[in-house]
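Output the structure for:
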Amino acid sequence: MRTVRAPKNAEPVAIEIAIQRASRLRGLPTNRLMRAWITHALRRFRTTASLTVRIVDASEGAALNERWRGKRGPTNVLSFPAAGLERIAPELLGDIVLCAPVLKTEAAAQRKTIAAHCAHLLVHGTLHLLGYDHEKPRDAEKMERLETELLGELEFADPYAERP
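Predicted coordinates for the structure are as follows:
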């Protein structure tokens, strides 16, 4: 796995990112890399933020997906914005849940590195916490363009480009 760092000329930010590893699956990027990718995405929008990333196994991912989205089976990433707390905790963004086995399976199927797919899912989840969505085509295009730009700055390929 290659090392990816945040830009050297970036402004300092006060961003707290807790990472919970509830999955025993190995081969995922380090907490330090994950924090760097999320911080890079946030830096454009916020100078302070707090969020949690929870890395889960398939059973927990499926339970969360069914409870909160009404869909069966695990999904790659879920975002839970901390809506309604802006007045008392403006820095609190919410939670991102990554399902480790889905992440690894998708990365292999898409011929991407685990790091590239993980970075994409974390940037995607972070943008959801910031209020972006992809329900309407125009919103999806805007969000995908921003994801591609942020990942490019981190030296990852366009996650939406066709793979050979």
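
Need the three-state assignment for the residue nearest the centre of the chain.
With distances taken as C-alpha atoms, centre = their mean, the residue of the chain nearest its centroid is residue 122 (1.3 Å). Following DSSP: H, G, I helix; E, B strand; the rest coil, the label given to residue 122 is helix.

so where do the helices sit in this protein?
Along the chain, the segments classed as helices by DSSP state H run 31-43, 58-69, 100-109, 114-129, 137-153.

Quick check: which of the ones you listed is nearest to residue 22?
With C-beta to C-beta as the criterion, residue 22 lies closest to helix 58-69 of these, at 6.3 Å. (C-beta placed from N, C-alpha, C; glycine too.)

Skipping its backbone neighbours, what lies nearest residue 31 in space?
Using C-beta to C-beta, 6 or more residues apart in numbering and skipping residues adjacent in sequence, the residue nearest residue 31 is residue 19, 4.6 Å away.

show me the contacts for the one you found.
Applying C-beta atoms under 8 Å, 6 or more residues apart in numbering, we find residue 19 in contact with 31, 34, 35, 52, 53, 54, 55.

what's the answer for residue 147, then?
Contact analysis of residue 147 by C-beta under 8 Å, 6+ apart lists 120, 123, 124, 127, 159, 160.

What separation do you get for it and residue 78?
Using C-beta to C-beta, to the nearest Å, we find residue 147 at a distance of 16 Å from residue 78.

picking that back up, now the residue nearest to the centre of the chain: how far from residue 78?
In terms of C-beta to C-beta, residue 122 sits 12 Å off from residue 78.

Quickly list what's touching both of these two.
Common neighbours of residue 122 and residue 78, using C-beta under 8 Å, 6+ apart, are residue 96.

on that earlier part again, and the contacts of residue 147, which of them are buried?
Using 16 or more other C-beta atoms under 10 Å as the burial test, the contacts of residue 147 include 120, 123, 124, 127, 159 as buried.

returning to what we had before: most widely separated two among the contacts of residue 147?
Among the contacts of residue 147, 127 and 160 lie farthest apart (C-beta to C-beta), at 13.8 Å.

which sections of the chain are below the confidence cut-off?
Residue ranges of the chain with pLDDT under 70: 1-13, 163-164.

switch to 50 and redo it
Low-confidence segments of the chain (pLDDT under 50): 1-7, 9, 12.
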